[in-house]
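Undergrad: have a look at this prediction, sequence included:
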Amino acid sequence: MSTQSPSSDVLATIRTAADLGELVRSMRREQGLLQTDLAGLAGTGNRFVVDLERGKPTLQLQKVLDMLDLMALEVVIRPKRVGRR
């Protein structure tokens, strides 16, 4: 996961499920929430939060998007920059 500069609106570039999990864990901690707190707020089981933070690649997309929305995060798709990985 590559983190962008603080002046950018982009928080991170996500390339893997593990990258997304790291970002969710970091943001949850920044917000002062435990995994059980986040699960309760989202109406999911704690296992879902654990799996998301561990980067499980087979989680249901809509649930992941709902969790990101709950955490005041959004997914933005843009063309990949040439020469960057």
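TA: Received it, and whenever you're ready, just let me know what you need.
Undergrad: got the residue ranges for the helices in this structure?
TA: 17-30, 35-42, 46-54, 61-70 (DSSP state H).
Undergrad: which residues touch the residue nearest the centre of the chain?
TA: Central residue of the chain (C-alpha atoms, centre = their mean): residue 24, 3.7 Å from the mean position. Taking C-beta atoms under 8 Å, 6 or more residues apart in numbering, we find residue 24 in contact with 52, 53, 67, 68, 71. (Glycine included, C-beta is placed from N, CA and C.)
Undergrad: give me the distance between the second one and residue 75.
TA: Look at residue 53 and residue 75: by C-beta to C-beta, to the nearest Å, they are 17 Å apart.
Undergrad: what about those two, which has more around it?
TA: Taking neighbours as other C-beta atoms under 10 Å, residue 53 and residue 75 compare with residue 53 leading, 19 against 11.
Undergrad: contacting residues for the more buried one?
TA: 21, 22, 24, 25, 28, 35 are the contacts of residue 53 under C-beta under 8 Å, 6+ apart.
Undergrad: of the contacts of residue 24, select the buried ones using a PyMOL command.
TA: In PyMOL, a selection of the buried entries from these looks like this (16 or more other C-beta atoms under 10 Å):
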select buried, resi 52+53+67+68+71
